[in-house]
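> Build me a model from this:
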Amino acid sequence: MRKVLFAVLVLLFCSSNFYAQCDVKNKVLADGSMVYYFDPAVFYTTKSKSLKINIVTDKESYFVALQPTPFPLKKEGKKIKDDLVIQLADHKEYKLTHFDTQYLENDSIMQVLYLIDNKDLEAFSKFEAVVAAINMKGTEFVRDYNFKLHKDAIMKQLACFLKKEEK
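Just a heads-up that it's a prediction; the model follows:
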């Protein structure tokens, strides 16, 4: 009887973790459009810099949203227009087009949105992220982030969005 109770508890725990991973949030933008997103996952952190990443979608396009720390002041940060290069576990590099640079929560968070090309969606949903190269004007030139934490966050978040679209 104890083994059955234990098995049920393990299944409940595992299933709650699965559903927690698909905790999609949404917000209405100033133009009236709706976007869907996840809380950012920490991909890289040291004493001097960190990088959080999440997926944002309007149900037509998918974006990688980066939140680097430290980030440049707004005047310099708005100059960030370069594309993002991400290497996945398939050992290929993918170029994501710069879409927008935003300052959120009274300018305490900088977020840069990069568009995932539709032809690359399958790769991003199958392979972990390994390295990102970002041109951070106003701080350093190109920052390379070798991902240490939550490498599979992009995969998992895309899987949640793509699974919901299939239904």
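> CA atoms for contacts and neighbours, from now on please.
Will do.
> Identify the residues contacting the spatially most central residue of the chain.
What sits nearest the mean C-alpha location of the chain, by CA atoms, centre = their mean, is Asn54, with 2.1 Å. By CA atoms under 8 Å, 6 or more residues apart in numbering, the residues touching Asn54 are 37-41, 64-66, 153-154, 157.
> Buried residues, stretch 96-110. List them.
96-99, 101, 103, 110 (16 or more other CA atoms under 10 Å).
> Now the two most distant members of those.
Leu96 and Tyr103 (19.9 Å; CA to CA).
> need the longest strand for the chain.
strand 93-104 (DSSP state E).
> about what we covered before: can the contacts of Asn54 go into TSV with extra columns for pLDDT, secondary structure and neighbour count?
Formatted as TSV, the contacts of Asn54 follow (pLDDT from 0 to 100; DSSP: H, G, I helix; E, B strand; the rest coil; neighbours: other CA atoms under 10 Å):
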residue	pLDDT	secondary structure	neighbour count
Tyr37	95	strand	22
Phe38	93	coil	20
Asp39	93	coil	15
Pro40	93	coil	17
Ala41	89	strand	19
Val64	95	strand	23
Ala65	95	strand	25
Leu66	92	strand	23
Ala153	90	helix	22
Ile154	91	helix	22
Gln157	93	helix	23
